[in-house]
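Q: Provided below for reference: sequence and predicted model.
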Amino acid sequence: MFTKRHLVEPGDFTLEEMDRLFDLAQQIEQDQGYLRESCRGHILATLFFEPSTRTRLSFESAMLRLGGACLGFSEPNSSSVAKGESLADTIRTVSCYADIIVMRNPKEGASLLASRYATVPVINAGDGGHHHPTQTLTDLLTIRQLKGSIGQLTVGFCGDLKFGRTVHSLAKALARYPGISMLFISPQELQVPTYITEGILKKAGVSYKETHSLEQVIGTLDVLYMTRVQRERFFNEEEYIRLKDSYILNREKMKQAKDDLTILHPLPRVNEIAPELDNDPRASYFKQAKYGMYVRMALLASMLGRC
Ligand code: NCD
């Protein structure tokens, strides 16, 4: 079902296929020995042309827990890319050494290109401001586990909705579930791209609204997806400094929120959630990071045909 395929963007898997991954991840969560050693003898290459903590380490941890091995780089200057090697050549070469490739690259479309040259499956771990499908699997699994199902929910996205690839991927994926309403909360300069709102949500008949005020809508939300302002994608540092603290979620703002609101954040957090909220039972971003590892275990074992 999952073998000989790539994961470049959230639409690459059907809802049924994603459900299968979520069921597997849930089984792993309940029985930590499940699928252990299932990938022994297999090698994962992690090619990170951009910084990462959770995505790279959770993939590596997932592969090690499955009994497989990992190689790769997290600093492109230590690879032949620094000598001017093309992405196509790097990917063709790594395909000779690994059974599956996870790649993050600052250029939009890089993973799609890599998938055309690879002779092993490629997983997109973020291509510029475009997509981040395994974060989306993480987010959807977290919602499913904490809310009971994915659907009939009002989901607020807050922060840098222009450059935040996790927002683009999650909004696109949620549009496929029933009864989802979306609220996009951002400064004017960081609004969600129209290819998402007009191109995807409107066409799919999904209800959505754009606003600048978190205070005005927080009380209506079931899920609040906070994001950092993506400094590395700004052309102008002054603009970043002006916008970086547009939203700071704190105890005061949470007074208006529902008792069963789920606060998510793909992390890293900069300033947008005050640490005073970390012990609030509604703060679910560290649980989310753990679900990321389980779903990546499910994904690797499935794509390698080991379950
Ligand atoms: C996100 C990313 O890389 O897009 N991080 C992650 O993978 N958990 C979010 C971010 O960097 O802001």
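A: Structure's in. What do you need?
Q: Any idea how far apart the tips of stretch 273-291 sit?
A: 20 Å (C-alpha to C-alpha, to the nearest Å).
Q: does any bit of it sit next to the ligand?
A: No. Stretch 273-291 does not reach the ligand (C-beta under 6 Å from any ligand atom); its nearest approach is 7.8 Å. Quick note: C-beta positions are derived from backbone N, CA and C, even for glycine.
Q: Can you tell me how far the most centrally placed residue in the chain is from the ligand?
A: Nearest to the geometric centre of the chain sits residue 135, at 1.8 Å (C-alpha atoms, centre = their mean). Noted for residue 135: a distance of 5 Å to the ligand, by C-beta to the nearest ligand atom, to the nearest Å.
Q: Compute the first-to-last residue distance for stretch 114-125.
A: End-to-end for stretch 114-125, by C-alpha to C-alpha: 12 Å.
Q: buried residues in it?
A: Residues of stretch 114-125 classed as buried by neighbour count (16 or more other C-beta atoms under 10 Å): 114-115, 117-118, 120-125.
Q: What helices and strands are in contact with the strand or helix carrying residue 70?
A: Here residue 70, judged by DSSP states H and E, is contained in strand 69-73. Contacts defined by 3 or more C-beta pairs under 8 Å, 6 or more residues apart in numbering; DSSP states H and E place strand 69-73 against strand 43-48, helix 54-65.
Q: Taking strand 69-73 as reference, get the angle to the last one.
A: In terms of direction (axes from the mean of the first three to the mean of the last three C-alpha atoms, to 10 degrees), helix 54-65 departs from strand 69-73 by 150 degrees.
Q: Distance from helix 54-65 to the middle of the chain?
A: Between the centre of helix 54-65 and the centre of its chain there are 14 Å (C-alpha atoms, centre = their mean, to the nearest Å).
Q: pLDDT wise, what is whichever residue of the stretch 201-307 of the chain sits closest to the ligand at?
A: Minimum separation of the stretch 201-307 of the chain from the ligand (C-beta to the nearest ligand atom) falls at residue 266, amounting to 4.0 Å. In this model, residue 266 is scored at 98, pLDDT.
Q: That one against residue 135, yeah?
A: Yes. Between residue 266 and residue 135 there is a contact at 5.2 Å, judged by C-beta atoms under 8 Å.
Q: Need the overlap of contacts for these two.
A: Common neighbours of residue 266 and residue 135 (criterion: C-beta atoms under 8 Å, 6 or more residues apart in numbering): residue 166.
Q: still on that earlier bit, let's have the buried residues of stretch 114-125 in CSV, adding secondary structure.
A: What follows is these, written out as CSV (DSSP: H, G, I helix; E, B strand; the rest coil):
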residue, secondary structure
114, helix
115, helix
117, helix
118, coil
120, coil
121, coil
122, strand
123, strand
124, strand
125, strand
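Q: And the furthest pair within these?
A: Taking every pair in these and measuring C-beta to C-beta, the maximum separation is 16.9 Å, between 117 and 125.
Q: Include distance to the ligand and mean pLDDT when you put the helices and strands packed on strand 69-73 into a markdown table, please.
A: Converted to a markdown table, those look like this (distance: least, C-beta to the nearest ligand atom, whole Å; pLDDT from 0 to 100):
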| stretch | distance to the ligand | mean pLDDT |
| --- | --- | --- |
| strand 43-48 | 10 | 98 |
| helix 54-65 | 4 | 97 |
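Q: Deepest in the core, which of the ones you listed is it.
A: For the helices and strands packed on strand 69-73, the largest average neighbour count (mean count of other C-beta atoms under 10 Å) is found in strand 43-48, namely a mean of 23.
Q: got the angle between that strand and helix 54-65?
A: Using the same axes, to 10 degrees: strand 43-48 against helix 54-65 is 170 degrees.
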